[in-house]
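S.K.: what's the 3D shape of this:
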Amino acid sequence: MKVAIGLDRISTIHADSISGKRIGVLCNPASIDSQYRHASRIIHDLFPGQLTALFSPQHGFFAEKQDNMIESEDLQDPAFKIPVFSLYGRTRTPTPEMLDHIDVLIVDLLDVGTRVYTFTSTLSYCLEAAAKTKKNVIVLDRPNPVSGLQVEGNCLIEKFKSFVGRYPIPMRHGLTIGEYAIYINTVFEIGCRLDVVKMAGWHRNMYYADTGLPWVLPSPNLPTPFSAMVYPGQVIWEGTNISEGRGTTLPFEIFGAPFMNIDKILQFMGGERVPGAVLRPVVFEPTSNKWMGQRCKGFHIHITDPYRYNAYATSLKFLQAILFHHGREFEWKSPPYEYEWEKLPFDLIVGDDRIRQRIERFDNIQDIQNDWTDALGDFLITAQKYYLYT
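M.R.: Next up is the predicted model:
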């Protein structure tokens, strides 16, 4: 039996909250129901004449933009002849002029459960703008593709707030996008008039493959549920000169660089098997992005047990192995990164420069993990108050 997502259950929205009101929808190509119908078409058909604007997150309304800081322009929807406002272009915050087109904003985005994925930042800006302009927001909930049970990583510190992390939460937060909206709206006192259309049949231990739902890539470099599963760790390579697999058919699942010595890295890692995964040596040649046209040596991460696999700690240990054996060839990427022009991209991604410093000192990865346990526990105590599902 398939999980029924918020879009499948849109008819449960209280009539008073949407009847006769002008509707905007924040969506992208992954905003489909279990029958592959797009949210904009469903809402247009359910509420004739009420759909007056669409909004798009990073990568564009058609999810066609490949990389970071590649902006999208506003456009007109070819089917409905209504404006599509880009929230990753001349602005990342809905302007009052954009919101003048609507009375209620429906958000239907597939988040991937990782702090740096910018859809939740866009959601937060929408909640703030809606609160200021007294607009209602309705979030159509979707599964967290990497389950709602497992959380991992350090909590971001204030100094490193950015578009890839606005709140002191861990790298992998364990919330659905609906729970995330309620959490930040309440804990950080945004004050938006917010409703969430819950799912039916989703449980916290589910990975995306357990839901029976179709996968449409939410962004160009997360083509499969497996790429989403490794992403909470593999995203760190965006802050380095190591290829994260962009320009290949397996972004984030594979990674590497021309200078990597496979045998030495595996020896540092303790062999080809880590808890929950097998590390298969590969050679690949990116067609774009880092090391374009050059042979890269690296690994393909094959997850064998998602409940044992710790994506973040595994990638940090890989980073330490590369620094140990290839310190001269390895480089930290320089700014800018996601509209931050001074801080190192890696520090923004992990949310704390002390992580980089400890990695450089070759502190034991388990010791580093132990030091963020208390903050992680405090986050969980608070976040669990806003769980919508058991």
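S.K.: so, low pLDDT: which residues of the chain?
M.R.: Scanning the chain for pLDDT under 70 picks out 1.
S.K.: need the helices for it, in chain order.
M.R.: 39-46, 96-99, 119-133, 177-187, 225-234, 262-269, 311-326, 345-350, 353-360, 365-371, 373-383 (DSSP state H).
S.K.: as TSV, these with distance to V196 would be great.
M.R.: (C-beta placed from N, C-alpha, C; glycine too.) As requested, these are exported to TSV (distance: least, CB to CB, whole Å):
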stretch	distance to V196
helix 39-46	15
helix 96-99	20
helix 119-133	12
helix 177-187	4
helix 225-234	22
helix 262-269	41
helix 311-326	27
helix 345-350	28
helix 353-360	33
helix 365-371	32
helix 373-383	15
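S.K.: got JSON lines for those helices, with mean neighbour count and distance to L250 too?
M.R.: Shown next, in JSON lines, are these (neighbours: other CB atoms under 10 Å; distance: least, CB to CB, whole Å):
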{"stretch": "helix 39-46", "mean neighbour count": "18", "distance to L250": "28"}
{"stretch": "helix 96-99", "mean neighbour count": "15", "distance to L250": "37"}
{"stretch": "helix 119-133", "mean neighbour count": "22", "distance to L250": "22"}
{"stretch": "helix 177-187", "mean neighbour count": "22", "distance to L250": "25"}
{"stretch": "helix 225-234", "mean neighbour count": "26", "distance to L250": "7"}
{"stretch": "helix 262-269", "mean neighbour count": "15", "distance to L250": "17"}
{"stretch": "helix 311-326", "mean neighbour count": "21", "distance to L250": "15"}
{"stretch": "helix 345-350", "mean neighbour count": "24", "distance to L250": "20"}
{"stretch": "helix 353-360", "mean neighbour count": "17", "distance to L250": "25"}
{"stretch": "helix 365-371", "mean neighbour count": "14", "distance to L250": "25"}
{"stretch": "helix 373-383", "mean neighbour count": "14", "distance to L250": "30"}
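S.K.: for those helices, which one sits closest to F252?
M.R.: Comparison of the helices of the chain against F252 by CB to CB identifies helix 225-234 as nearest, at 4.2 Å.
S.K.: follow-up on the earlier one: and the helices of the chain: which comes nearest N68?
M.R.: Using CB to CB, those put helix 345-350 closest to N68, at 9.0 Å.
S.K.: and that closest one, what does it pack against?
M.R.: When contacts are defined as 3 or more CB pairs under 8 Å, 6 or more residues apart in numbering; DSSP states H and E, helix 345-350 sits against helix 353-360.
S.K.: against L319, how distant is I365?
M.R.: 10 Å (CB to CB, to the nearest Å).
S.K.: same check, this time on H302
M.R.: If you go by CB to CB, the gap between H302 and L319 works out to 19 Å.
S.K.: now do R328
M.R.: 15 Å.
S.K.: now swap in A131 and tell me
M.R.: A131 is 39 Å from L319, by CB to CB.
S.K.: again with F163
M.R.: Taking CB to CB, one finds F163 at 23 Å from L319.
S.K.: same question, F61
M.R.: F61 is 35 Å from L319, by CB to CB.
S.K.: of all the helices of the chain, which lies closest to F255?
M.R.: helix 225-234 (6.2 Å).
S.K.: quick one: contacts of that closest one?
M.R.: Defining contact as CB atoms under 8 Å, 6 or more residues apart in numbering, one finds that helix 225-234 is touched by 112-114, 117, 145-146, 152-153, 171-172, 207-209, 215, 221-222, 244-245, 250-253, 255, 301, 303, 306, 309-316.
S.K.: can I have the buried ones of those residues as a ChimeraX selection?
M.R.: Selection of buried members from those for ChimeraX, criterion 16 or more other CB atoms under 10 Å:
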select :112,113,114,117,145,146,152,153,171,172,207,208,215,221,222,244,245,250,251,252,253,255,301,303,306,309,310,311,312,313,314,315,316
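S.K.: endpoint to endpoint, stretch 85-94 covers what distance?
M.R.: 8 Å (CA to CA, to the nearest Å).
S.K.: can you give me the buried ones in that stretch?
M.R.: Buried-residue list, stretch 85-94, by 16+ other CB under 10 Å: 85-89, 92, 94.
S.K.: between those residues, which is closest to N289?
M.R.: Closest to N289, out of all of those and judged by CB to CB, is Y88, at 18.4 Å.
S.K.: not counting its neighbours along the chain, what's nearest that closest one?
M.R.: Q58 (4.2 Å; CB to CB, 6 or more residues apart in numbering).
S.K.: what's the burial count for that neighbour?
M.R.: When neighbours are counted by other CB atoms under 10 Å, Q58 registers 27.
S.K.: please tell me I have it right and it contacts T122.
M.R.: Yes: counting by CB atoms under 8 Å, Q58 does reach T122; the two are 7.0 Å apart.
S.K.: between those two, what contacts are shared?
M.R.: With CB under 8 Å, 6+ apart, Q58 and T122 have common neighbours 87-88.
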